[in-house]
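**Q** need coordinates for the below:
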Amino acid sequence: MAQSPSFPADSPWLDELLNRLPSARVAVFGDLFLDAYWLLDTAPSEKSLETGLDAYRVRSQRYSPGGGGNVAVNVAALGVRHVELIGLAGDDLFGGELVRQFASRGLSVDGVLRGPPGWQTLVYAKPYLGATELNRLDFGLGNGVPDDIRRRLLGRLDAAASECPVVVINQQAPGGWAPELVEEVRALVGRHPDTIFMVDSRDHGDRFRDTALKVNLREAAVMLGEDAGALAPEDAVRMAGLLEARQRRPVLVTRGENGLALAVKGEVFEVPGIELSGPADPVGAGDTALAALAAALAVGAPPLEAATLANLAAAITTRKVRTTGVATPAELLAVGPAPDYVHSPRLAADSGLARFLPGTGIEAVTGRRPAARFRHAIFDHDGTISLLRQGWELVMEPMMIRAIKGARHDSVAERMHGTIVSTVRDFIGRTTGIQTLAQMKGLSDMVRQFGLVPAGEVLDEHGYKAIFNGELLATIRGRLERLERGEVSPLDCQVGNARQMLERMREAGVALYLVSGTDEADVVAEARVLGYAHLFSGGIFGAVGDLRVEAKRDVLARIVRASGARAEEIVMFGDGPVEMREARRRGAYAVGVASDEVRRRGIDPRKRSRLIRAGADLIIPDYCEADAILAALGLL
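**A** Next up is the predicted model:
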């Protein structure tokens, strides 16, 4: 049985591990790449007189180490003071930039040898037209390493392996190393039995026995002779165990957004993926995971802590777009020690796997049952009880797209338009439930990342919130006017049977709280109009215009602090991922309300998927099965 992280939100494990990392000693040997990012202006500068083709102006350029170089800079970024970097750079323009990049990040370049004349630095050059990556240009592939330089590199590796408890071997250049280099490295590994060699090899992983391995899911399948085209994320656990038994050394299997598995001494540790907002770019995430694992093992961290750190660091770098980024201790502390894990991704994607309580439409996701009688119930507002703001996503999506495109709204290429739309939809889906101001902060960041709007014209979160609220309030105002005229009743603007559910929970002696990412004054006013404000004896809480104040998180903490309630005495209802994550992080019980806001009854499959991934214990479509819901909660 694989072990998974269960660190509470106040666990000191991350602080303590980060404080130990500066004393680590890690060596990195292998392919040193330079990643070049060339950001093109979206408007051609002119047509070439010779070819008639559009010429694009390079608006900006950025460079960062890749391959083994990226592993080394990630180790250093974690605070590790002793990093031995061993590899080869060309005596060319790119080689000079690569060495400068290492030195600027505090790495010693004594072990970076310069190639002979004509030996090209390994470079992946990536032109971007807006947010769209064009065909990559590769430099230096197919380079051979002269015998004298190879011997010098191996000599430095031999010395580093005597000083460092962990050595990373990185082979990433397509085509692989010459056979003699592979055999010499293998022989060197055998001369240092007390050193952990961690191999990340695109072409030769199967030839490095008695070493630790970092592989992705596909590579693991190939090494085990399995069908790489028929894999599920869950297979990583089994394959990590099989490879570890063969290697007799730790094996890390990465699986992209679904996290990773680490096998050590017969035990397997499974770490789920982490949900972070914003556009994603997976380039370099595997290097980051390997760097964090190497640093943690170098200071003797327990395997589960080492794997959790690796997963956390990789998740952070995937949110750094168009760069091979690093994860710093400050960033790790901001997300950890108990991040927003992705729960049950397979179940979330396939409703056919759902298990229902007998005779009901209530889906039991985790099988976890209430551990105590609930004394407190926290309800999200919009989509969980109120439908006054139904369709807010349909207002936010086009508003965000217009903001990102700016004045070029009608001239953006179709491919880029598709990227913008998918990015916006993904962002809205993952941030449903956080305060609007935080979503608008994310929008401001996306506008800058796409680069279609001049920097001086990009608004801050308050500016974009004013635009969104203006458009949304026009819709809400019409619904309120219909309520005033009696054309609809308050019950028509609520999720099915919500009012009765609130009343029955209050009669059962449960204190009710209402929370929202909407401005607090608006939440109070709308709850009064819909006739249930008085039921929330615990209070009504909303956004107060400060990104540091998150109502859904703060109310949970307030209940525990003020009433002395245990987390297991609290249940949280919500239709967004934020409520589920906050409940799970604190140890409360999470009920996902996957409401179809148009019909007022029945399930929205998109909500169901998001709520399960965020950690819901139960999924209900509405409150029409009140008796069954109350019974499941132990309140009947």
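
**Q** shouldn't Asn178 be in contact with Pro146?
**A** To be clear, residue 178 is Ala; Asn isn't right here. No: assessed by CB atoms under 8 Å, Ala178 is found out of contact with Pro146, at 10.8 Å. C-betas here are computed from N, CA, C, even on glycine.

**Q** ok, Cys164 to Asp91 distance?
**A** Per CB to CB, to the nearest Å, Cys164 is found 28 Å from Asp91.

**Q** now do the phi/psi pair for Pro127.
**A** Dihedral pair for Pro127: phi -80, psi 140, per degrees, to the nearest 10.

**Q** likewise Gly406?
**A** Per-residue torsions, Gly406: phi 60, psi -140 (degrees, to the nearest 10).

**Q** what about Leu514, which SS state?
**A** Following DSSP: H, G, I helix; E, B strand; the rest coil, we place Leu514 in the strand state.

**Q** before we move on, the earlier item: of Cys164 and Asp91, which one has the most company?
**A** The neighbour count for Cys164 versus Asp91, taken as other CB atoms under 10 Å, is higher for Cys164 (22 against 15).

**Q** which ones are touching that one?
**A** Residues near Cys164 by CB atoms under 8 Å, 6 or more residues apart in numbering: Arg25, Val26, Ala27, His82, Glu84, Thr195, Ala298.

**Q** wait, Val112 sits on Ala89?
**A** Yes: under the criterion of CB under 8 Å, Val112 makes contact with Ala89 at 5.5 Å.

**Q** which neighbours do these two share?
**A** With CB under 8 Å, 6+ apart as the test, Val112 and Ala89 both reach Leu32, Leu98, Val99.

**Q** just put the residues you listed in a markdown table and tack on secondary structure, neighbour count and distance to Arg528.
**A** Converted to a markdown table, the shared contacts of Val112 and Ala89 look like this (DSSP: H, G, I helix; E, B strand; the rest coil; neighbours: other CB atoms under 10 Å; distance: CB to CB, whole Å):
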| residue | secondary structure | neighbour count | distance to Arg528 |
| --- | --- | --- | --- |
| Leu32 | strand | 32 | 64 |
| Leu98 | helix | 28 | 64 |
| Val99 | helix | 20 | 66 |
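
**Q** of those, closest to Arg373?
**A** The closest of those to Arg373 turns out to be Leu32 (CB to CB; 60.8 Å).

**Q** hey, what's that closest one bridged with?
**A** Judged by DSSP bridges, the bridge partners of Leu32 are Gly67.

**Q** can you give me the helices in the stretch 51-200 of the chain?
**A** 68-77, 93-104, 147-163, 179-190 (DSSP state H, counting those that start in this stretch).

**Q** starting at the chain centroid, how far to the first one?
**A** Looking back up the chat, that one is helix 68-77. On the basis of CA atoms, centre = their mean, to the nearest Å, helix 68-77 sits 20 Å off its chain's mean C-alpha point.

**Q** what is it packed up against?
**A** Judged by 3 or more CB pairs under 8 Å, 6 or more residues apart in numbering; DSSP states H and E, helix 68-77 is in contact with strand 25-30, strand 32-40, strand 58-67, strand 82-89, helix 93-104, strand 166-171, helix 285-298.

**Q** returning to what we had before: out of the helices of the stretch 51-200 of the chain, which gets nearest to Asp554?
**A** Nearest of the helices of the stretch 51-200 of the chain to Asp554, taken as CB to CB: helix 68-77 at 31.7 Å.

**Q** okay, the angle between that closest one and strand 166-171?
**A** Helix 68-77 runs at 150 degrees relative to strand 166-171, counting by axes from the mean of the first three to the mean of the last three CA atoms, to 10 degrees.

**Q** export helix 68-77 to CSV, keeping only CA atoms.
**A** Taking Å, rounded to 0.1, in the frame of the first residue of the first chain, the C-alpha atoms of helix 68-77 are listed here in CSV:
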residue,chain,number,x,y,z
GLY,A,68,21.6,19.3,-16.2
GLY,A,69,22.2,23.0,-15.9
ASN,A,70,18.5,23.5,-14.9
VAL,A,71,18.9,20.7,-12.3
ALA,A,72,21.9,22.5,-10.8
VAL,A,73,20.3,26.0,-10.7
ASN,A,74,17.2,24.4,-9.1
VAL,A,75,19.4,22.8,-6.4
ALA,A,76,21.1,26.2,-5.7
ALA,A,77,17.7,28.0,-5.6
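
**Q** flag the shaky bits of the stretch 251-400 of the chain, pLDDT-wise.
**A** 277-279 (pLDDT under 70).

**Q** list the contacts of stretch 106-120.
**A** For stretch 106-120, using CB under 8 Å, 6+ apart, the contacting residues are 32, 72-73, 76, 83-92, 94-95, 98-99, 102-103, 121, 139-140, 143, 146, 149, 152-153, 156, 160.

**Q** if you count neighbours, what's buried in that stretch?
**A** Leu107, Val109, Gly111, Val112, Leu113, Arg114, Gly115, Trp119, Gln120 (16 or more other CB atoms under 10 Å).

**Q** now, among these, which is nearest to Phe468?
**A** Leu107 (44.5 Å).

**Q** so how far is Val73 from the closest one?
**A** Between Leu107 and Val73 the distance is 7 Å, computed by CB to CB.

**Q** how about Arg355?
**A** Counting by CB to CB, the gap between Arg355 and Val73 amounts to 46 Å.

**Q** could you do Arg319 as well?
**A** Arg319 sits 17 Å away from Val73, going by CB to CB.

**Q** who has more neighbours, these two?
**A** Between Arg319 and Val73, counted using other CB under 10 Å, Val73 has the larger neighbour count: 28 against 19.

**Q** how near is that one to Ser108?
**A** Taking CB to CB, one finds Val73 at 12 Å from Ser108.

**Q** with Ala230 instead?
**A** Distance, Ala230 to Ser108, by CB to CB: 45 Å.

**Q** was I right to think Gly190 contacts Thr211?
**A** No: the pair Gly190 / Thr211 is not scored as a contact, 9.9 Å apart, by CB under 8 Å.

**Q** mind checking which of those two has more residues around it?
**A** Higher neighbour count among Gly190 and Thr211: Thr211, with 24 against 11, using other CB under 10 Å.

**Q** list the contacts for the residue nearest to Arg186 when sequence neighbours are not counted?
**A** Leaving aside its chain neighbours, Arg186 sits nearest to Phe208 (6.4 Å; criterion: CB to CB, 6 or more residues apart in numbering). With contact set as CB under 8 Å, 6+ apart, Phe208 has these partners: Ile169, Val185, Arg186, Val189, Phe197, Val199, Ser201.

**Q** same check on Pro282?
**A** Pro282 neighbours (CB under 8 Å, 6+ apart): Gly256, Glu257, Thr318.

**Q** coming back round to it: just the helices of the stretch 51-200 of the chain: most buried one?
**A** Mean neighbour count, computed with mean count of other CB atoms under 10 Å, is highest for helix 68-77 among the helices of the stretch 51-200 of the chain, reaching a mean of 29.

**Q** quick check: angle from it to strand 58-67?
**A** 80 degrees.

**Q** quick one, helix 68-77 and strand 82-89 angle?
**A** Interaxial angle, helix 68-77 versus strand 82-89 (the same axes, to 10 degrees): 160 degrees.

**Q** make 48 the starting number, not 1.
**A** With the count now opening at 48, the last piece we talked about shows up as helix 115-124.

**Q** give me the mean pLDDT for helix 115-124.
**A** Mean pLDDT, helix 115-124: 97.

**Q** again with stretch 487-506
**A** Stretch 487-506 shows a mean pLDDT of 91.

**Q** touching it from outside, list them.
**A** 86, 89, 106, 177-178, 324-326, 368-369, 447, 450-455, 459, 467, 470-471, 474, 478, 507-509, 511-512, 514-515, 594.

**Q** below-threshold pLDDT in the stretch 48-197 of the chain: ranges please.
**A** Residue ranges of the stretch 48-197 of the chain with pLDDT under 70: 48, 91, 178.

**Q** ok, back up a step: adding distance to Thr413, write the helices and strands packed on helix 115-124 out as CSV.
**A** Putting the helices and strands packed on helix 115-124 into CSV (distance: least, CB to CB, whole Å) gives the following:
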stretch, distance to Thr413
strand 72-77, 38
strand 79-87, 41
strand 105-114, 40
strand 129-136, 42
helix 140-151, 46
strand 213-218, 37
helix 332-345, 27
